[in-house]
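Could you work out the structure for the sequence below:
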Amino acid sequence: MTIRKAEEKDIPGIGRLLLQVNQIHADHRPDLFKDGGIKYTAEDLKDLLKEETRPVYVAVDEAEQVLRSNENVRFD
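Coordinates of the predicted model:
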């Protein structure tokens, strides 16, 4: 695993990670989070990655794929 500054090519993987994070929130706080919701669109992420004052980092595997959380992680 390598941690590096996110690049535009990482947007699909970041989107999958954001969906996973939102699902965890929706499962535990359905009063605040919608199932299947996402905080940023691909265009929002593209703009965010250009901002020098808000760096975004990703963890990637040997194939340069953005890593997601282990599906078995529990938060309760």
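
Can you list the buried residues in the longest helix along the chain?
Longest helix in the chain, counting residues (DSSP state H): helix 11-28. The neighbour-count check on helix 11-28 (16 or more other C-beta atoms under 10 Å) flags Ile11, Gly13, Ile14, Gly15, Leu17, Leu18, Asn22, His25, Ala26 as buried. Glycine gets a C-beta too; all of them are placed from N, C-alpha and C.

show me what contacts the first one?
In this structure, Ile11 makes contact with Ala42, Leu45, Lys46, Leu49, judged by C-beta atoms under 8 Å, 6 or more residues apart in numbering.

do the same with the fourth one
Counting by C-beta under 8 Å, 6+ apart, Gly15 touches Ile38, Tyr40, Ala42, Leu45.

Is Met1 in contact with Ala63, as I believe?
No. Look at Met1 against Ala63 with C-beta atoms under 8 Å: they stay out of range, at 11.3 Å.

re the thing from before, could you point out which of the buried residues of helix 11-28 is nearest to Thr53?
Ile14 (18.3 Å; C-beta to C-beta).

Would you check that the closest one makes contact with Leu45?
Yes. Contact status for Ile14 versus Leu45: in contact at 5.8 Å, counting by C-beta under 8 Å.

Return the distance of stretch 30-50 from the chain's centre.
Taking the mean of its C-alpha atoms, stretch 30-50 sits 9 Å from the chain's own mean (C-alpha atoms, centre = their mean, to the nearest Å).

now for it, what's the gap between its first and last residues?
32 Å (C-alpha to C-alpha, to the nearest Å).

What's the mean pLDDT across that stretch?
Mean pLDDT, stretch 30-50: 89.

Contacts only, for Arg54.
Leu48.

For the residue sitting furthest away from the middle of the chain, which three-state class applies?
Relative to the mean C-alpha coordinate of the chain, counting by C-alpha atoms, centre = their mean, the farthest residue is Asp31 (21.4 Å). Under DSSP: H, G, I helix; E, B strand; the rest coil, the three-state class of Asp31 is coil.
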